[in-house]
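[1] here are the coordinates; sequence isn't available:
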């Protein structure tokens, strides 16, 4: 297991006040266009950090569970949730689905700037697939190694385009990019069982 997959690595990062690229209006507009959220749908935000995306998904009507390995990040996520909203759960996704999350129970499984840090990416993506209800989707936001606009500090965690393409095999893909990030909506093809 990579050291960047542990609470020991991430707790000091969040304790120092660092955070990820903010969710912007353009990202939410494009997500809404492709995902067509409906009230009461369920979303699982894996590697939720301080809860930026989870709060946005909640504002779109999703019943959100945010999962994070870092207790420090979850403290901030809870503090920034002013109303009843997402549930925040401490869990290492590399050990399996979070407690209480069952197969075919989610409409969205998201990995916003978290997937690139995980080991066994293909297996984690297959686990995400197993959690989706019919018509559900996986939302990935990934830094792309070949992008000229990629900040130097993000190079060590960026994924090469070829690896992203391999991970997307077997999915129907909608994609847009915003700067140095790929935003991918993955759905099971209609013939996939």
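    Received it, and whenever you're ready, just let me know what you need. What you see is a predicted model, and the numbers here were worked out from it, not measured in a lab.
[2] list the contacts for the residue most central in space within the chain?
    What sits nearest the mean C-alpha location of the chain, by Cα atoms, centre = their mean, is residue 111, with 1.3 Å. Taking Cβ atoms under 8 Å, 6 or more residues apart in numbering as the contact definition, residue 111 lies against 46-47, 118, 128, 138-141. Just so you know, the C-beta spots here come from the backbone N, C-alpha and C atoms, and that holds for glycine as well.
[3] using the three-state scheme, assign it.
    strand (DSSP: H, G, I helix; E, B strand; the rest coil).
[4] let me see the confidence value for it.
    pLDDT for residue 111: 97.
[5] partners of it in the sheet?
    Counting by DSSP bridges, residue 111 forms beta bridges with residue 140.
[6] backbone phi and psi for residue 129, please?
    Main-chain torsions, residue 129, degrees, to the nearest 10: phi -60, psi -40.
[7] spatially nearest residue to it, not counting backbone neighbours?
    Among residues not flanking residue 129 along the chain, residue 188 sits closest, at 6.6 Å (Cβ to Cβ, 6 or more residues apart in numbering).
[8] around residue 79, count how many other residues there are.
    Residue 79 has 10 neighbouring residues, counting by other Cβ atoms under 10 Å.
[9] same thing with the one 10 residues further on?
    Residue 89 is flanked by 16 other residues according to other Cβ under 10 Å.
[10] quick check: phi and psi on it?
    Torsion angles, degrees, to the nearest 10, at residue 89: phi -130, psi 130.
[11] try residue 160
    Dihedral angles (degrees, to the nearest 10) for residue 160: phi -70, psi 150.
[12] pretty sure it is in contact with residue 146, am I right?
    Yes: assessed by Cβ atoms under 8 Å, residue 160 is found in contact with residue 146 at 6.8 Å.
[13] and the helices in this protein, which stretches?
    Remark: helices assigned in the chain by DSSP state H are 7-15, 25-35, 52-59, 71-79, 121-131, 161-167.
[14] just the residues contacting the fifth one, thanks.
    Contacts made with helix 121-131 from outside it, assessed by Cβ under 8 Å, 6+ apart, are listed as 44, 46, 93-94, 96-97, 101-106, 109, 111, 115, 118, 138, 167, 186, 188.
[15] which of the residues you listed fall in strands?
    Counting by DSSP state E, these place 44, 46, 106, 109, 111, 138, 186 in strands.
[16] just give the nearest non-adjacent residue to residue 65, would you?
    Once flanking residues are discounted, residue 65 sits nearest to residue 87: 4.9 Å by Cβ to Cβ, 6+ apart.
[17] just to revisit the earlier point, how close does the residue nearest to the centre of the chain sit to residue 67?
    10 Å (Cβ to Cβ, to the nearest Å).
[18] and for residue 187?
    21 Å.
[19] please apply the same query to residue 78.
    Distance, residue 78 to residue 67, by Cβ to Cβ: 13 Å.
[20] got it, and residue 112?
    12 Å.
[21] okay, and the common contacts of the two?
    Taking Cβ under 8 Å, 6+ apart as the criterion, residue 112 and residue 67 both touch 45, 47.
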